[in-house]
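> I'd like to go over a predicted model; first the sequence, then the structure.
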Amino acid sequence: MKIIDKLITWSLLKSPWILHFNSGACNGCDIEIVDALTPKYDVERFGIVLKATPRHADVLVVSGPVTRQQAKRLRTIYEQMPEPKFVMAIGACGCSGGVFDGCYGVVPGGLGNVLPVSVYIPGCPVRPEAIIDGVVKMIQSVEAASK
Amino acid sequence: MSDFPREEKIKADIEAKFGGAVSNALVQRKNRVWLDVTTEKLPDLMAWLKANSFDHLATVTGFDEGENLGAYYHATDTKLIVTVKVKTPRANPSIPSILKTFPGALSYERELEDMLGIKIDGLPPGRRYPLAEDFPTDQYPLRKDWKTEDYLAQQAALNTEAK
């Protein structure tokens, strides 16, 4: 492994920056994501910071069943992110389409059919603890793979 | 004498003005007048309603009755609601646009085109609403014969072809 890759992995593990994307969610999961960022749960102590642009983000956090109209935009945003990048599917809708699966407005089968998903976090809505647990598990798996 | 003189008067006025074009006019209850109209006379009737204090188009509701498709136009003066029903044959569904009278009906008319496949005569070209840009143009999700299972099977077939 080159020294620069080591540096990138180290910075990713120390401080994964996230980008939040709502693709047709009812806002329940979005509130929980924001909740996880508040001082009560305080994910910033792990270096997790919400960023405003995909070009700064390591992790794309997607809530909602992915509407047909947004699927193309979501892919564009994913392509703008620098490598290495990860995708988290938040909530029952993000994981499988949830109750909206099969509806004319959404992509069948959830986020997994649009982007390569690293972490699925089920729940309706997800609990902030579950989101934090998902991020930690993802970091651990990256750490294990980089050794 | 009816219990609802104002409703009866509106109904009588419309029947007197549009005669044969209007049928099944009914004072359904307090503040509700229902009537059917032929598709050709719809723009005239809506213009008349607007000129006679029914200047707010509350909403437009599409329906699928099997043989006929159509829409309910709910015009109101904020108290009394006149519900105008138009029917159009499923084989060649077409309704004239009422945009000249109610410009705000644009999104309702686009929705009728997208969701029920009713052609709106006089609708200006523009973006699709509310379906996605890449949604198949020959499918109308609010028709009763549209099945989620068929749609999913078709999408799955498309995905396999793409791979």
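It's in. Numbering: from 1, shown residues only, chains lettered A, B, ... in the order given.
> which non-adjacent residue is nearest the residue of chain B found nearest chain A?
Closest contact between chain B and chain A, by Cβ to the nearest Cβ, is at residue B:132 (3.5 Å). Where C-beta positions appear, they are placed from N, C-alpha and C, glycine not excepted. Residue nearest to residue B:132 in three dimensions, not counting chain neighbours: residue A:68, with 3.5 Å by Cβ to Cβ, 6 or more residues apart in numbering or on different chains.
> enumerate every residue touching residue B:37.
For residue B:37, the contacting residues are B:18, B:21, B:22, B:23, B:45, B:84, B:85, B:86, by Cβ atoms under 8 Å, 6 or more residues apart in numbering or on different chains.
> what about the fifth one, how many residues nearby?
The reference is to residue B:45. Number of residues near residue B:45 (other Cβ atoms under 10 Å in any protein chain shown) recorded here: 24.
> and the helix or strand encompassing it, C-alpha only, in CSV?
Secondary structure assigned from DSSP states H and E places residue B:45 in helix B:42-51. Extracted C-alpha coordinates of helix B:42-51, given in CSV (Å, rounded to 0.1, in the frame of the first residue of the first chain):
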residue,chain,number,x,y,z
LEU,B,42,-67.1,22.2,-20.2
PRO,B,43,-65.0,25.3,-21.0
ASP,B,44,-68.1,27.4,-21.4
LEU,B,45,-69.7,26.1,-18.2
MET,B,46,-66.5,26.8,-16.2
ALA,B,47,-66.3,30.3,-17.7
TRP,B,48,-69.9,30.9,-16.7
LEU,B,49,-69.2,29.6,-13.2
LYS,B,50,-66.2,31.9,-12.8
ALA,B,51,-68.2,34.9,-14.0
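> that helix: how far from the chain's middle?
14 Å (Cα atoms, centre = their mean, to the nearest Å).
> same check on stretch A:89-96?
Counting by Cα atoms, centre = their mean, stretch A:89-96 comes out at 10 Å from the chain centroid.
> restricting to C-alpha, output it in PDB.
In PDB, the C-alpha atoms belonging to stretch A:89-96 read as follows (Å, rounded to 0.1, in the frame of the first residue of the first chain):
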ATOM      1  CA  ALA A  89     -29.100   3.200   3.200                       C
ATOM      2  CA  ILE A  90     -31.100   4.600   6.100                       C
ATOM      3  CA  GLY A  91     -34.500   3.200   7.100                       C
ATOM      4  CA  ALA A  92     -36.800   0.600   5.800                       C
ATOM      5  CA  CYS A  93     -37.500   2.600   2.600                       C
ATOM      6  CA  GLY A  94     -33.800   3.000   1.800                       C
ATOM      7  CA  CYS A  95     -33.100  -0.600   2.400                       C
ATOM      8  CA  SER A  96     -35.900  -2.200   0.300                       C
END
